[in-house]
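1. sharing a model that was predicted from the sequence below.
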Amino acid sequence: MTRKNLNLKLFEKAYLIRRAEEKIIEVYDSNEMKTPMHMSMGEEAIVSGVASALSGLDLLFGTYRSHGLYLARSGDTFRFFSEMFGRESGVVRGKGGSMHLSDPDRGLVATSAVVASTIPVAVGSAYALKKKGTRGVSAVFFGDGAIDEGSFWESLNMASLFKLPVLFVCEDNGFAVHTPPALRHGYKSISAIVSRFNCSVFSSTSTDAEVVFNLASRAKNAIFAKQTPAFIYLKYYRYLEHVGTHEDFSAGYRSQEEYQKWLKVDPLKILASKLKKLGVGKGELDKICKDIDLAVERSFKKARNSAFPNPAELYKNVFHEK
Amino acid sequence: MKSRRISYRDAIREGLQEEMKRDKNVFIYGIDVADFKGIFGSTIGLKEEFGDRVFSTPLCEDSLVGFGLGAAVSGLKPINVHIRVDFLLLAMNQLANMVSSFHYGSGGKLKVPLVIRAIIGKGWGQAYQHSKSLQSYFAHLPGLKVVMPTTPHDAKGLLISAIRDENPVIVLEHRMLYDVVDKVDDENKLVPLGKANVLRRGGDITIVATSYMNVEAIHAANILKKRGISAEVVDARSIYPFDSETILKSVEKTGHVIVADYDWTFCGFSAEVAAIISEKSFSSLKSPVKRLGFAFAPAPCTRPLENLFYPNAEVIVRSVEEKLGLKSTNLKGEEFFTYENKFRGPF
Ligand SMILES: Cc1ncc(C[n+]2csc(CCOP(=O)(O)OP(=O)(O)O)c2C)c(N)n1
């Protein structure tokens, strides 16, 4: 793929995520989407970069903050919005909501609202990939808060010990809810500690999706070349409050100035200006944006008008039946 | 039908071995499963036969269960073993938040053919952190199946059914039953999940028992027989799915029920059974359902208190007498605690 095409692809993913979430913000206060929203805005470079570096053989796991991950992987907005509205046409028929997007057909195995709890599951999936001789990795996304949990260390230990193809992706937005690492970590650097395991470590503070893409590609190669898991540590800034669709700078735990600094390196801005340099004209870019806007509008409307699940759905799929 | 007499331990090992031979996706893992003791002998020899499909792991129960979940949804058939059920409490997050709801949470797309074997126990000073049973904890969660084999035949048959099931199944094996030798059928070896087993027929009273309490219930039934009382002993065997039909049929015949659960009674499985009977068969009851279980205290180490902690055949006999309005039988000369007295440590 040419650099131009790669950046176009990354832009499309990032822009779709941004637009889809802006659409949510438009209606969320009307209370039609009754599901707790942990917004992805600000992290688009990470999910689109990593997702683009992965193949159809790779498996993905995420957290309650996985709108971006789902959209980057699937490109679908209809089933996504349907899930937010609790409709039967939703990703998991309205049973999961914003925090539990699961789309195994597309390799997004599961996301979980209990911090760190998909990490060991990803390790188990990686074991299965290796056993079956599938040349895939199991990529698991989590925040730096998850590193406070025992199961992160348990999983890192197992993956390093068993030499499993796990790609740990730590997305650090500087907070766990409202608490900074200084109040949670008895050590300075996550990367430094993780690198003591039999695990390759990569890190970047860039909000350029191409940089993330390259890092994730290298990490993936390292997994196969060295037969160890890989850990990528990435920084981003959460644009909105921890949960909900508003800003919360007035709460005093973080400053507007900090936000302004990150806005200068907004992932979409970076991609757009790079595309210009790579020879994509304004008209071409506008057209891409307009097409995505249109798809978002259409699928949103269709989702909003879709049916709720019927009562029998309540008891469906508690157990697998032949 | 061909049958042999083997121990509960060997029945489990045979079940594992046969399924590993039949299906190459089956693997066994957990703390100490591949060491020379092989979980009280139940996994001995499997490492030699199946290589890296049997492996010991770091000590991280929660993540081990999560690991099994990941392997299961990705096409393998994991069997995760815990030498004491108490340690599974460290994995309640994975069990309650992940394993039980993964099929549901994927809109029915993910299958979770995960087996978790956990050993429950009693006696010989195991005290309060090595003697729990916890079937009610697990069965309370929609999406988990829970079985408790009492006989060697069931130990093998339920385990095989659990491995072949596409859902998560917790198999609770009793430490004291490991040495029991009994008949195991070679054909019809599959024991379906969700079926109770009438261990002994009788018409005067129904004793519904779980796991080791079946041993005590049979013992009590033998004593009662001498004075002309015939007790029907129903081994609940599968906690969830629950076979209410077999139990209600027995209750309709006898009219009197004692539920002897191998666990505490409060908020437990025995309460569930009593409730189901009163909801569905109230008119056939000639007396209220009586529940027996552990004393409502943590399990004590010292033998005299331990003997009080666990209900036994004597307690069952007295409860039956009370229920049927009989005079107390003279139990002098009867031997109790026969299993425990045979048992030697060190663990
Ligand atoms: C096990 C667990 N403990 C606490 C919570 C409550 N909680 C929800 S999100 C969160 C912070 C997690 O921070 P981080 O992992 O950095 O992710 P971020 O929200 O920043 O993306 C906490 C503590 C939870 N969901 N799960």
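-> Here it is on my side, so go on. Numbering: from 1, shown residues only, chains lettered A, B, ... in the order given.
2. gap between stretch B:164-176 and the chain center?
-> Average the C-alpha atoms of stretch B:164-176, do the same for its chain, and the two points are 8 Å apart (CA atoms, centre = their mean, to the nearest Å).
3. try stretch A:241-256
-> Worked out by CA atoms, centre = their mean, stretch A:241-256 lies 20 Å from the chain centre.
4. just the pLDDT at the residue nearest to B:Ala162 when sequence neighbours are not counted, thanks.
-> Nearest residue to B:Ala162 in three dimensions, chain neighbours excluded: B:Val169, at 3.8 Å (CB to CB, 6 or more residues apart in numbering or on different chains). Any C-beta I mention is one placed from the backbone N, CA and C, and that applies to glycine too. On pLDDT, B:Val169 comes in at 98.
5. same deal with B:Tyr339?
-> 81.
6. for it, phi and psi?
-> Backbone torsions for B:Tyr339, taken as degrees, to the nearest 10, come to phi -70, psi -50.
7. in this structure it contacts B:Met213, no?
-> No: under the criterion of CB atoms under 8 Å, B:Tyr339 lies out of contact with B:Met213, with a separation of 12.0 Å.
8. which of the two has more neighbours?
-> The residue with more neighbours, out of B:Tyr339 and B:Met213 and counting by other CB atoms under 10 Å in any protein chain shown, is B:Met213; that gives 32 against 19.
9. the residue nearest to the more buried one when sequence neighbours are not counted - how many residues pack around it?
-> Distance criterion CB to CB, 6+ apart; nearest residue to B:Met213, sequence neighbours excluded, is B:Ala260 at 4.2 Å. Each residue near B:Ala260 was counted by other CB under 10 Å, and the total is 29.
10. put the alpha carbons of the host helix or strand of B:Ala260 into CSV.
-> The secondary structure element spanning B:Ala260 is strand B:257-264 (assigned by DSSP states H and E). Presented in CSV, the C-alpha positions along strand B:257-264 are these (Å, rounded to 0.1, in the frame of the first residue of the first chain):
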residue,chain,number,x,y,z
VAL,B,257,-38.7,-34.8,52.3
ILE,B,258,-35.3,-34.2,53.8
VAL,B,259,-32.8,-32.3,51.8
ALA,B,260,-29.3,-33.2,52.9
ASP,B,261,-27.1,-30.7,51.1
TYR,B,262,-23.3,-30.8,51.2
ASP,B,263,-23.1,-27.1,52.0
TRP,B,264,-24.6,-24.5,54.3
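11. helices or strands up against it?
-> helix B:135-139, strand B:205-209, helix B:213-225, helix B:269-281, strand B:290-294, helix B:313-324 (3 or more CB pairs under 8 Å, 6 or more residues apart in numbering or on different chains; DSSP states H and E).
12. and if we set it to 6 Å?
-> In terms of contact count using 3 or more CB pairs under 6 Å, 6 or more residues apart in numbering or on different chains; DSSP states H and E, strand B:257-264 is assigned the packing partners strand B:205-209, helix B:213-225, helix B:269-281, strand B:290-294.
13. tell me who's in contact with B:Lys132.
-> B:Val85, B:Asp86 (CB atoms under 6 Å, 6 or more residues apart in numbering or on different chains).
14. for the one 3 residues further on, same thing?
-> Taking CB under 6 Å, 6+ apart as the contact definition, B:Gln135 lies against B:Val146, B:Ile239, B:Phe269.
15. could you rerun that using 10 Å?
-> With CB atoms under 10 Å, 6 or more residues apart in numbering or on different chains as the criterion, the residues that contact B:Gln135 are B:85, B:120, B:146-148, B:170, B:172, B:210-211, B:236, B:239-240, B:261-263, B:268-269.
16. what subset of those is buried?
-> Buried residues within the contacts of B:Gln135, counting neighbours by 16 or more other CB atoms under 10 Å in any protein chain shown: B:85, B:120, B:146-148, B:170, B:172, B:210-211, B:236, B:239-240, B:261-263, B:268-269.
17. contacts only, for whatever residue of chain A ends up closest to chain B.
-> Scanning chain A for proximity to chain B using CB to the nearest CB identifies A:Gly124 as nearest, at 2.5 Å. For A:Gly124, the residues meeting the contact criterion (CB under 10 Å, 6+ apart) are A:138, A:155, A:158-159, A:164, A:166, B:29, B:63-74, B:76, B:78, B:80, B:114.
18. give me that answer again for 6 Å
-> The neighbourhood of A:Gly124, defined by CB under 6 Å, 6+ apart, consists of B:Phe67, B:Gly68, B:Leu69, B:Gly70, B:Ala71.
19. neighbours of the residue of the stretch 51-200 of chain B found nearest the ligand, how many?
-> The stretch 51-200 of chain B approaches the ligand most closely through B:Asn93 (7.3 Å), counting by CB to the nearest ligand atom. A count of nearby residues for B:Asn93, using other CB under 10 Å, gives 21.
20. could you give me the buried positions within stretch B:96-107?
-> B:Ala96, B:Asn97, B:Met98, B:Val99, B:Ser100, B:Ser101, B:Phe102, B:His103, B:Tyr104, B:Gly105, B:Ser106, B:Gly107.
21. which residues touch the longest helix seen in chain B?
-> If you go by DSSP state H, chain B has its longest helix at helix B:8-22. By CB under 6 Å, 6+ apart, the list of residues contacting helix B:8-22 from outside reads B:26, B:41-42, B:50, B:152, B:155-156, B:159-160, B:163, B:177-178, B:180, B:184.
22. so which bits of it are buried?
-> Buried residues in helix B:8-22, defined by neighbour count with 16+ other CB under 10 Å: B:8-20.
23. distance between it and the chain's centre?
-> For helix B:8-22, the gap between its own C-alpha mean and the chain's C-alpha mean amounts to 17 Å (CA atoms, centre = their mean).
24. same check on stretch B:45-53?
-> Averaging C-alpha positions (CA atoms, centre = their mean) puts stretch B:45-53 26 Å from its chain's average.
25. residue of the stretch 201-347 of chain B closest to chain A, please.
-> Distance from chain A to each residue of the stretch 201-347 of chain B (CB to the nearest CB) is smallest for B:Pro241, at 8.5 Å.
26. what residues does chain B have near chain A?
-> Those residues of chain B that sit near chain A, judged by CB under 6 Å from any CB of the partner chain, are B:58, B:60, B:62-63, B:66-71, B:74-76, B:97-98, B:103-111, B:142-143, B:166-167.
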